[in-house]
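Peer 1: Sharing a sequence plus its predicted fold:
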Amino acid sequence: QMCIRDSSTDNQLLSYRNKLAEFLKKSNKYSVSDILASISSLNMTDEKVFLYSKQKMHDKALDILIQLGKASVDFSQAEAYCLNQPEFLLTSLLLQILKLYNDLKAQCDVMKEDASASASTLKHKTELNNLNTQVKAYEYYCKDYLKKYADNEKLKIEAALES
């Protein structure tokens, strides 16, 4: 399902995007790859996610949704996408979020080593605190995710642990 989020105040643009969304949903008389190529440089995330989904290119759709939630550690749109697909995408989403968490944790560890090796500046300490906060937010999110979907048949925890 595609729902256009209005990030602009231009009602005419919103009207055109809604018409495009209706066309994309109701018609099959277009080339998905041509439209994706046409909108690749535009901020049309909902349309891109819909089109990638239509082509069963779920990794690309998830990448977009993960980027949307990355800064705020809110992946609810990505979760909803996974739950609305027949594939086992909850596992893929978990793996991608765990990778983000591990990358942040490694970055944090490097910054801690740098801080202990030399006199750290206030800026460095602030960056380290911000990074620590983000790591804890990801950690909390992953734990919550596992609790929420532990019994969901679309999450294959064994597959996630093997990766």
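Peer 2: Right, received. Where do you want to start?

Peer 1: Helices of the protein, start to end?
Peer 2: Using DSSP state H, the helices found in the chain span residues 11-26, 32-39, 45-54, 58-70, 76-83, 89-117, 122-149, 157-162.

Peer 1: Mean pLDDT and mean neighbour count added to those, as TSV?
Peer 2: Using the backbone N, CA and C atoms, a C-beta is placed for each residue, glycine as well. Shown next, in TSV, are these (pLDDT from 0 to 100; neighbours: other C-beta atoms under 10 Å):
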stretch	mean pLDDT	mean neighbour count
helix 11-26	88	13
helix 32-39	93	14
helix 45-54	94	20
helix 58-70	94	17
helix 76-83	95	18
helix 89-117	88	16
helix 122-149	91	14
helix 157-162	74	11
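
Peer 1: dump the residue contacts of residue 156.
Peer 2: Neighbour list for residue 156: 88, 91 [criterion: C-beta atoms under 8 Å, 6 or more residues apart in numbering].

Peer 1: If we use 10 Å, what do you get?
Peer 2: Under the criterion of C-beta atoms under 10 Å, 6 or more residues apart in numbering, the neighbours of residue 156 are 88, 90, 91, 92, 94, 162.
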